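A.B. asks: here is my input; please provide its structure:
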Amino acid sequence: MCADAVHLFLNPTAGRGRAGKREARIVEILNRGGVTLAVHRSEAVGDLEEKVYAAVSDGIRKVIVAGGDGSVHEAANGIMRAPDSAALGVIPTGTGNDFAKAAGITLEWEHATALLADRIAANETTRTVDVGRMNNRYFINGAGVGFDAKVTRIARSYRIPIGDLVYLLAIFRGMAGGIATPKMRITGDRVIWDGPVTLANVANGAWIGGMFHIAPVAENDDGQFDLLLAAPVSRLRICTLLPKLMAGTHMGEREIVHEPVTDLLIECDEPVASHLDGEVQRLQQRFEIEMLGGALALL
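C.D. replies: Down below sits the predicted model:
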């Protein structure tokens with residue numbers, strides 16, 4: 001492969017299939033902007049990550065991903081795992097597009113594509129962003145342990161075309177099955193929490209699930225995470241908190257604990273659900289989380 005080439009990695013199923021339908025237009029805009037492309041399509045979960053890893057390991061230094069947060073997650077892991085580095089460009093064509101919001105990328109996908117073409121033609125990178133690592137997997141928007149991971153798993157099971165509302169529907173279904181509050185011991189440079197928790201969210205960006213402003217003060221280039229903990233709550237209390245979580249006005253609520261952190265360890269008394277950038281992980285009891293400041297360059 002030529003190291004000067006630009007490689008586009010596209011998940012045709014992202015955004016309930018919108019990404020695949022937009023492929024021709026994305027290629028047209030990039031070519032019109034003077035970008036010569038090699039196009040790779042993801043064929044299964046994990047395929048995009050492996051293709052990005054292979055390309056970067058073979059010398060590619062500019063990677064574009066067209067998809068949602070899951071596709072961006074795979075691309076970031078492919079880059080971070082590779083022995084060399086590459087800059088990442090994002091064309092948001094998913095459902096939530098939480099990372100795009102955090103990175104200041106317009107959600108108007110055609111405009112985002114045109115701006116990306118302009119920056120590539122000018123040989124510019126915009127900035128670097130922080131990357132997290134949890135148990136040897138990377139994340140760039142956030143990690144969650146507990147109820148939000150359960151909700152994410154439920155949301156991924158739906159195929160109905162209702163956009164961000166799928167996460168809201170998943171919350172109500174998740175509550176119907178009961179709200180687990182496993183005991184967690186959370187430590188950084190001190191003990192932050194030791195007791196039952198509804199959820200622990202390690203935010204690099206401000207949004208999760210497309211519509212929840214979970215960490216309104218989070219910045220993905222400040223060298224720290226925003227840890228949000230929710231103490232045990234009832235179903236009724238979750239319902240009253242939901243509008244505040246959407247608006248980002250929940251930070252002063254009595255059940256919410258907010259701590260800026262870098263590295264931390266979460267130990268649970270039983271295996272619990274977790275997610276990285278909305279990608280559900282296997283059940284685990286121990287979560288080692290590390291901040292890698294400024295580790296990823298954006299195109």
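
A.B. asks: per-domain residue ranges of this structure.
C.D. replies: Listed by automatic domain parsing, the domain ranges of the chain are 6-125, 139-291.

A.B. asks: which one of the ones you listed has the lowest average pLDDT?
C.D. replies: Ranked by mean pLDDT, the domains of the chain end with domain 139-291 at the bottom, a mean of 88.

A.B. asks: need the distance between the two termini of that domain.
C.D. replies: Start-to-end span of domain 139-291 (Cα to Cα, to the nearest Å) is 10 Å.

A.B. asks: now the helices: where do they sit in the stretch 151-299 of the chain?
C.D. replies: 165-176, 235-247 (DSSP state H, counting those that start in this stretch).

A.B. asks: can you tell me which of the ones you listed is packed in deepest?
C.D. replies: Mean neighbour count, computed with mean count of other Cβ atoms under 10 Å, is highest for helix 165-176 among the helices of the stretch 151-299 of the chain, reaching a mean of 18. Placement of C-beta: from N, CA and C, glycine included.

A.B. asks: the nearest residue to W109 once chain neighbours are set aside: what's it in contact with?
C.D. replies: Excluding the flanking residues, the one nearest W109 by Cβ to Cβ, 6 or more residues apart in numbering is T93, at 5.4 Å. Going by Cβ atoms under 8 Å, 6 or more residues apart in numbering, T93 touches 14-15, 18-19, 22, 66-68, 109.

A.B. asks: before we move on, the earlier item: quick one: closest of the helices of the stretch 151-299 of the chain to G104.
C.D. replies: Between G104 and the helices of the stretch 151-299 of the chain, the shortest separation by Cβ to Cβ is 20.3 Å, and it involves helix 235-247.

A.B. asks: how many neighbours does G68 have?
C.D. replies: When neighbours are counted by other Cβ atoms under 10 Å, G68 registers 28.

A.B. asks: likewise for the one 4 residues further on?
C.D. replies: As a burial measure, V72 scores 29 neighbours (other Cβ under 10 Å).

A.B. asks: before we move on, the earlier item: make JSON lines out of the helices of the stretch 151-299 of the chain and add distance to M291.
C.D. replies: JSON lines is the format used below for these (distance: least, Cβ to Cβ, whole Å):
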{"stretch": "helix 165-176", "distance to M291": "26"}
{"stretch": "helix 235-247", "distance to M291": "24"}
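
A.B. asks: measure the residue nearest to W109 to D148 for me?
C.D. replies: 23 Å (Cβ to Cβ, to the nearest Å).

A.B. asks: could you do R32 as well?
C.D. replies: 41 Å.
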